[in-house]
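>>> give the three-dimensional model of this entry:
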Amino acid sequence: MAPTALEVKTVKSLADLGIKDLPPNFVKEEDERPVVAYNDFSHEVPVISLAKARGGGAERAEVIREVRGACEEWGLFQITDHGIPTELNSHIMRCAEDFFSLPVEEKMQYAIEAGQFVGYGNGSFINDDPFMDWRELYVTSCSPPLNVQHWSAKPVQFRETLSKYSEEMIKLAKTLLGLISESLGVEADAIQKRCGEGEQKVLMNYYPPCPRPDLTLGLKRHTDPGTLTILLQDKVGGLQATKDDGKTWVTVEPIDGAFVVNLGDQMHVLTNGIFKSADHQAVVNSSALRQSIVTFYNPHPDSIVYPLDELLLVSEQESPARAKFERYIYREFYQKKMIKHLLDKEIKRKKGIILPQQQKG
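As a prediction, this is how the structure comes out:
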C-alpha cells in the first residue's frame, strides 16, 4: 500500500527543514559517491551549433561530422541555435518548480503506482526504497497518444505549457535523428523508420540543496534505455558524464539556452555498437536548487529493435558485417532495464520491495 501524504518525508521537505545529517537511505556506497564537484565545469563535451545544418553543402557536412565525432566518443553533446524559444524553456522550468512546490498531498495524487514508470516520485520510482537519490521527480507520458488529462492540473499553466514543449521536443528529436542518421552514411529517415512512431516521455527533476552532497547523488550512474534524450538544465550544474567506464568524470557546463543530447541504449544497438550510449549521473550541492527537464524519445513500445540493415551491408569484396545484437521488442527491453536499474541490490529483495513484474492485473 502506498504511504499517505502525511507519512511521506519528501526530499524537498527534508531540505526545507534544514537537516544537518543525511538520512541513511540516501547515503551511497563509497565507490558510488561523487569525485568531481557540481560546479567544476569541463569544456570537453562537444558543443554543436545547428545553425549551419539548416542549409546544405559544406556547412551541413561539417555539422554532420561534428555529430558523428561526438556520438562515437561520448554519446553526448550540447546543441545551440536549435530554434526552441527561450521563453518556452523558461516557462517549462517555472511550471516544474511550481509543481514541486505544491503541498505533498497534491503531488501524491500523481504518485507512481507499483510497476509503473510515470507519475510523481520521491527519491525513487519505488515506495520505501532503501536506496534513495536526492531528488523529486515527475514523469509524464506525452506521446502516443497525447492525453493531458493524466497530467497535473496545477499550476494552472502546466498542461498548456507541457503540451507546447512536447510538440517542440518531438520536432527537435526528429531533426537530431536525421543528422545522426546522415552521420552514419544512411538515409536521413533511417533511424526514425526503424523506431516507428516514437514514444515520448518528459521527466522533471528537482534537486534541492543537500546537507551532505559528498555522500549521495541526485541520480545514480546509468545509461538511458531509449533512443535519444534531450535535456534542458538550469545554470547551477550537476550533470556528469564519463567516456571511460567511470575512471574519470566531467561536469557538463551549463550553457544558456543549450540542450544536452544523450544517446540511449537503442541508438547503441541501432548503430551496431558504432555509437555510444551516454554513461552519466547527477550530483547535488549544499547551497542551490537545481532543476532539469528531460525529454526521452524512444521507439514505439512494440517496435522490434535491431541494427540498421544498411550498416551490415558492405561491398562485394568484403564479408557482410556481423550484427552484434539480437532482435528484441523494445517494451520488453525497457521493463528489464528499469527493473535492473531500480532493483539491482539484494537488500531490496530482503526488505520486501515489490518487483514490478510481480504485480497482478
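>>> which residues does residue 81 contact?
49-51 (CB atoms under 8 Å, 6 or more residues apart in numbering). In this view, the C-beta of every residue, glycine as well, is placed from N, C-alpha and C.
>>> which regions of this protein sit below the pLDDT cut-off?
Counting by pLDDT under 70, the chain has low-confidence residues at 1-8, 127, 146-147, 313-321, 341-361.
>>> circling back: select only the buried ones of the contacts of residue 81 in ChimeraX?
Command for ChimeraX that selects the buried part of the contacts of residue 81, burial taken from 16 or more other CB atoms under 10 Å:
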select :50
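>>> quick one: which of the contacts of residue 81 sit in strands?
residue 49 (DSSP state E).
>>> now the contacts of residue 81 in TSV, with distance to residue 139?
Shown next, in TSV, are the contacts of residue 81 (distance: CB to CB, whole Å):
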residue	distance to residue 139
49	30
50	27
51	32
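>>> between the contacts of residue 81, which sits nearest residue 88?
Residue 88 lies nearest to residue 50 out of the contacts of residue 81, by CB to CB, at 16.5 Å.
>>> isn't the closest one right up against residue 82?
Yes. When contacts are counted by CB atoms under 8 Å, residue 50 is listed as touching residue 82 (5.1 Å).
>>> which neighbours do these two have in common?
Common neighbours of residue 50 and residue 82 (CB under 8 Å, 6+ apart) are residue 175.
>>> so which helix or strand takes in residue 280?
strand 279-282 (DSSP states H and E).
>>> same for that strand, what does it pack against?
Counting contacts by 3 or more CB pairs under 8 Å, 6 or more residues apart in numbering; DSSP states H and E, strand 279-282 is packed against strand 219-222, strand 239-242.
>>> list the contacts of the last one.
The set of residues external to strand 239-242 that reach it, using CB under 8 Å, 6+ apart, is 34, 36, 45, 74, 76, 221, 231, 233, 248-252, 260, 278-283, 292.
>>> narrow the residues you listed to those that are buried.
Buried members of the contacts of strand 239-242, counted by 16+ other CB under 10 Å: 34, 45, 74, 76, 221, 231, 233, 249-252, 260, 278-283, 292.
>>> how about the nearest residue to residue 71, chain neighbours excluded?
Using CB to CB, 6 or more residues apart in numbering and skipping residues adjacent in sequence, the residue nearest residue 71 is residue 275, 4.1 Å away.
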